[in-house]
Structures are given as C-alpha cells and as structure tokens.
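>>> Starting from these lines, generate the structure:
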Amino acid sequence: MKILVVDDEKNIRIGIADAFSIEGFDVVQAEDGQEALDILAVEDIDIVLSDLKMPRMSGDRLLKRVLQDYPLIPVIILTGFGSVEVAVESMQRGAYDFATKPINLERLSLIVKRALQFRKTIRENQQLVNELNQHKKDRIMIGKSAAMQHLMISIQQIALTRASVLVTGESGVGKEEVVNALHAHSDRKNKPLVKVHCAALNESLLESELFGHEKGAFTGAIQRKRGRFELADGGIIFLDEIGEISQSTQVKILRVLQEKSFERVGGEETLVVDVRIVSATNRDLYKEVQEGRFREDLFYRLNVVHVHVPPLRERKEDTSLFIAHFLSVAAKENSKQVEGITRKARTALEEYQWPGNIRELRNCIESAVVLCQGNIIEIEDLPASVRNNEKESSIELRIGSTLAEAEREMIKMTLMTYDGNKSKTAEILGIGRKTLHNKIISHHLE
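As a prediction, the model looks like this:
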C-alpha cells in the first residue's frame, strides 16, 4: 500500500512518513498540492494525507482535484485545532476523514486502515458492477457459474426451434428470465411475448383471459375481448404456474397445441394462431400426472424440451453478480447514494442458503439499501436471518495466557484460515505486511 503525505512542514511530513514506513507502508512525500498532483499522475497511490494550508496549492484545491480525477483514492485532511470546522466542511465536500495537529499517530493509523478498507470495498463493488455490465452486454441473463453457463448455452440452442418448452425450478429462481432469454434469442423476438400467471385467476376468468370472449358471453361481458393466445399470434405465450390450471382448461390448451385453433368464450368463429408455448411450474408435473391431477397427453406436449433452473444455493458463484445488480437497481429506485457493501456483509450474503432464491435476495438487498445510513451497506443493515447465519471463526485461549501467547495464536490461526496468505492475514489483523513478517519470525511461525 502506498501513502502520499502532503504537508509544507517538513518535520510533520517526515514524522508521519517514518511512522507508516515502520508499519510496512510505502510512503511518498510532497510539499504542496501541486507537487502532490504531479506524483499522482505518475505513481499508483492508495491514500492521500493532506494539510489544508499550503503554498502554491491548498489542501482544499487538492481535495477537489483528487475527487475529480482520482475518485477511488480516499483523502484524509490534516489540520490544526483551530481549523476543525474547515476540516468538517472538507468532509462534506468529499474528504474521507480528518486528523488534528499535533498528530496522534495511533489514531491516524486507525483512520488510514479504515479508509483503505473503504477503498477496497468500493473497488470490489466497482469490479462487480463492471463484470455485471459485461454480462448484461453479452447476455440477457446474469450468471457466471457452470450451471448458468450450461443453461445459457441450452437456451441459445432451444430458442431457434419451434418446440414447446417446460421450465421448472423452485419459486424465485428466475424462470421468467429464462423465458425472456428464449424470446430474445428466437426468430420470434420481434413478435409478442405474452405472459399469463395461471395461478392468479379462477377457472372462468383464466379461460376468458386465454381465449377471449364475445360480447354478452357472460354477465359483465359488454364488448368483445381478444384473448392472450390471439394477442400472441406469431410470437410466444408464457403460461406461468401451469400446474395450477383445471382439467377443463387443460383440455382447451391441449387443443391449441394440437390444432393451433380455438374459439372465444361464447363465440362460434374458429381462430387459427401460430403461437409457441413456453410454460413454467415449481410443481413436479410428472407426479401430478401419476396422481391424476394433470393430463398426461398435455404434459408430454408441453414438455418437449425441459429446462431446469437450479436454486441459488447450488450456484453461489452467481450471488455476487446479483448483489451488484440489485444494489444498483434498489439505490436508483429509492434515490439512495449507496455505492457498495462491506466484506463482512457480503460474506454473510454469500454464505446464506436463500430458500426464497433470487427473489428473496432481491428483497433483502432492497431492504438493506433503504435501511442503510451511509453509502456502504453494513452487516447490521441486513435482515436478522442473514446476519445470524454468518459464520464466525474463533480461537480458544486458556485463562492466564500472556499477550505474546495470545498474539502468536491469533497470527497462527489467521494464517491457517487464509492458507498462509500473508497479505490477507496482515489486512485482517490490521497491521502492515512487514510488521506481520517480523512477528512471524519472533513467534517462530515460519
């Protein structure tokens, strides 16, 4: 990690630089804002510590330029006690935090580490957003897991055929998105995609919705109405929750599949349509057939091609993409400036089993965005069910252990947890990599 210290007082600048060098940071120094900008243009800086009052270019002007040209680099303002109000105003303009002079190096070190963690969180979220945008550019569906890659390949193969498709999967897995993708990749993409939620209507209303009705066909039928099959002519009709329809409606849908024709409710004219049927259910239709609740002939007509959408718990690699997507959508819809999510909160989300699948995750993220007090979602913003599921690692220490013994055990267990990754271990323990290296040697943990 590289820190840029900007202060026209040489002793302060050198004192801060020496302190952070001991902690394992690379430190670069500048006498004023202009020199700082010259350094930023050629070096990869992670954080800026800047005085307010300096010759040539003040800390305020430097802050404005850094926010404009290097928005991911946190700026910490260094100021005297008499300028605290000015420092607070700088925070309102975008500075991460401030420290007063004379500098308390221990407090400044904590501020720097928090700022670096904040920067890392923002970068991770930005990377996910970029990855998400690439997925959106290349595909309609979101997913990078092997299961989703296989599913998307299958969709592209199926889309250009005329075969009926049955989409199955648990509630909330995204069956409707599969249908959207099938339509978008098909040769019917410029024709209608008409959707019907079969479970939302009773038998008589569903029949009228699907096939339309003539004027006077029943009480309240004051004019002719075109049905969804008629509206979908040339395109695709999506029958969601197909397992909920009655036996009589099943017969009429079977006829459309076999003969491509039907009559409106109360009508005599036979209408011929060219419609591809895609249906979906979270029920086991084969079991429904065996138990006599679903017609076998209709089942095999609908199930020419079977597409199964796996639950989110079986494709956890996709969770991070959905988090980025729902975070962006929820922030925009709720007019909130929420830019990311902490590592701890993300870990809790990724480890949760999501019985309600993608729908539950979407609602969870929207709730967190609404409850979030700042611009980063914290673990406390998540629902209790997700927070309580978070896995915590722990170590045991006997009463009477010395601080050195406790430190050795903490370092050892953290190294083991992260497979010997020293950079990660140093980050978790809140110390510099050089400091960790020295402690590993002193505790004989090589």
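
>>> would residue 195 count as being in a strand?
Yes. The assignment for residue 195 (DSSP: H, G, I helix; E, B strand; the rest coil) places it in a strand.

>>> what's the spacing between residue 147 and residue 236?
As defined by Cβ to Cβ, to the nearest Å, residue 147 lies at a distance of 24 Å from residue 236. The way it works is simple: take the backbone N, C-alpha and C, and place the C-beta from them, glycine included.

>>> Spatially central residue in this protein, please.
residue 323 (1.3 Å; Cα atoms, centre = their mean).

>>> surely it meets residue 365?
Yes. Residue 323 lies in contact with residue 365 (Cβ atoms under 8 Å); the separation is 6.3 Å.

>>> on that earlier part again, comparing residue 147 and residue 236, which residue is more hemmed in?
residue 236 (22 against 16; other Cβ atoms under 10 Å).

>>> OK, contacts around the more buried one?
179, 182-183, 186, 188, 191-194, 275-278 (Cβ atoms under 8 Å, 6 or more residues apart in numbering).

>>> Please state the backbone phi and psi of it?
phi -130, psi 140 (degrees, to the nearest 10).

>>> try residue 353
phi -80, psi -20.

>>> Burial check on the closest residue to it other than its chain neighbours, number of neighbours?
Closest residue to residue 353 apart from its sequence neighbours, by Cβ to Cβ, 6 or more residues apart in numbering: residue 313 at 4.9 Å. By other Cβ under 10 Å, the residues close to residue 313 number 13.

>>> Was I right to think residue 313 contacts residue 350?
No. Residue 313 is not in contact with residue 350 according to Cβ under 8 Å; the separation is 10.7 Å.

>>> quick revisit: got phi/psi on the residue nearest to the centre of the chain?
The phi/psi pair for residue 323 (degrees, to the nearest 10) is phi -60, psi -50.

>>> how close does it get to residue 229?
Applying Cβ to Cβ to residue 323 and residue 229 gives a distance of 39 Å.

>>> Then residue 388?
Counting by Cβ to Cβ, the gap from residue 388 to residue 229 is 48 Å.

>>> any weak-confidence spans in this structure?
81-83, 124-140, 389-396, 417-419 (pLDDT under 70).

>>> which secondary structure elements does the host helix or strand of residue 60 contact?
Assigned by DSSP states H and E, residue 60 belongs to helix 59-69. Counting contacts by 3 or more Cβ pairs under 8 Å, 6 or more residues apart in numbering; DSSP states H and E, helix 59-69 is packed against helix 33-42, strand 47-51, strand 75-80, helix 84-93.

>>> quick one: that helix to strand 47-51, angle?
With axes from the mean of the first three to the mean of the last three Cα atoms, to 10 degrees applied, the angle from helix 59-69 to strand 47-51 works out at 160 degrees.

>>> quick one: buried residues of helix 59-69?
59, 60, 62, 63, 64, 65, 66 (16 or more other Cβ atoms under 10 Å).

>>> can you list contacts of that helix?
By Cβ under 8 Å, 6+ apart, helix 59-69 touches 6, 33, 36-37, 40, 48, 50-53, 73, 75, 77-78, 90, 93-95.

>>> can we see that at 10 Å?
4, 6-7, 30, 32-37, 40-41, 45, 48-54, 57-58, 72-75, 77-79, 83, 86-87, 89-91, 93-95, 98 (Cβ atoms under 10 Å, 6 or more residues apart in numbering).

>>> likewise stretch 437-446?
24, 404-405, 407-412, 415, 422, 425-426, 429, 431-432, 436.

>>> Filter those down to the buried ones.
Buried among those (16+ other Cβ under 10 Å): 24, 408, 410, 411, 415, 425, 426, 429, 431, 432, 436.

>>> Would you check which pair of these lies furthest apart?
Greatest spacing in the buried ones among the contacts of stretch 437-446, by Cβ to Cβ: 24 and 408 (19.0 Å).

>>> which residues of the stretch 151-300 of the chain fall in strands?
Per DSSP state E, counting those that start in this stretch, the stretch 151-300 of the chain carries strands over the ranges 165-168, 193-197, 212-213, 225-226, 236-240, 261-263, 270-272, 276-281.

>>> Export the contacts of residue 236 to a markdown table and append columns for distance to residue 257.
Compiled in a markdown table, the contacts of residue 236 are given as follows (distance: Cβ to Cβ, whole Å):
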| residue | distance to residue 257 |
| --- | --- |
| 179 | 17 |
| 182 | 17 |
| 183 | 18 |
| 186 | 18 |
| 188 | 16 |
| 191 | 18 |
| 192 | 18 |
| 193 | 18 |
| 194 | 16 |
| 275 | 9 |
| 276 | 10 |
| 277 | 6 |
| 278 | 12 |
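
>>> which of these lies closest to residue 297?
Of the contacts of residue 236, the one sitting nearest to residue 297 (Cβ to Cβ) turns out to be residue 277, at 14.2 Å.

>>> give the contact list for residue 354.
Residue 354 touches 170, 172-173, 311-313, 316, 319, 322, 360-361, 364, 386, counting by Cβ under 10 Å, 6+ apart.

>>> go on, residue 24?
Listed by Cβ under 10 Å, 6+ apart, the contact partners of residue 24 are 1, 426, 431, 432, 433, 434, 435, 436, 437, 438.

>>> which pair in these spans the largest distance?
So, the contacts of residue 24 by Cβ to Cβ: farthest apart are 1 and 438, at 16.9 Å.

>>> Compare those two (neighbour count), which wins?
residue 1 (21 against 13).

>>> any idea how far the residue nearest to that one when sequence neighbours are not counted is from residue 302?
Nearest in space to residue 1, with sequence neighbours left out and distances taken as Cβ to Cβ, 6+ apart, is residue 46 at 4.8 Å. Applying Cβ to Cβ, the value for residue 46 to residue 302 is 57 Å.

>>> One more: residue 101?
Taken as Cβ to Cβ, the span from residue 101 to residue 302 is 75 Å.

>>> neighbour count winner among the two?
residue 302 (26 against 15).

>>> mind listing what that one touches?
By Cβ under 10 Å, 6+ apart, the contact set of residue 302 is 164-166, 239, 242, 250, 253-254, 257, 277-281, 285, 294-295.

>>> Phi and psi next, for the residue located most distally from the centre of the chain.
Note on the chain: the largest C-alpha distance from the chain mean falls to residue 268, namely 52.1 Å (Cα atoms, centre = their mean). Residue 268 adopts backbone torsions of phi -110, psi -20, taken as degrees, to the nearest 10.

>>> likewise the one 5 residues further on?
In this entry, residue 273 is assigned phi and psi values of phi -130, psi 150 (degrees, to the nearest 10).

>>> do you know how far the closest residue to it other than its chain neighbours is from residue 195?
Nearest residue to residue 273 in three dimensions, chain neighbours excluded: residue 233, at 4.5 Å (Cβ to Cβ, 6+ apart). Note on residue 233: its distance to residue 195, by Cβ to Cβ, is 15 Å.

>>> hang on, the earlier thing: and for residue 313 and residue 350, which residues touch both?
With Cβ under 10 Å, 6+ apart as the test, residue 313 and residue 350 both reach residue 319.
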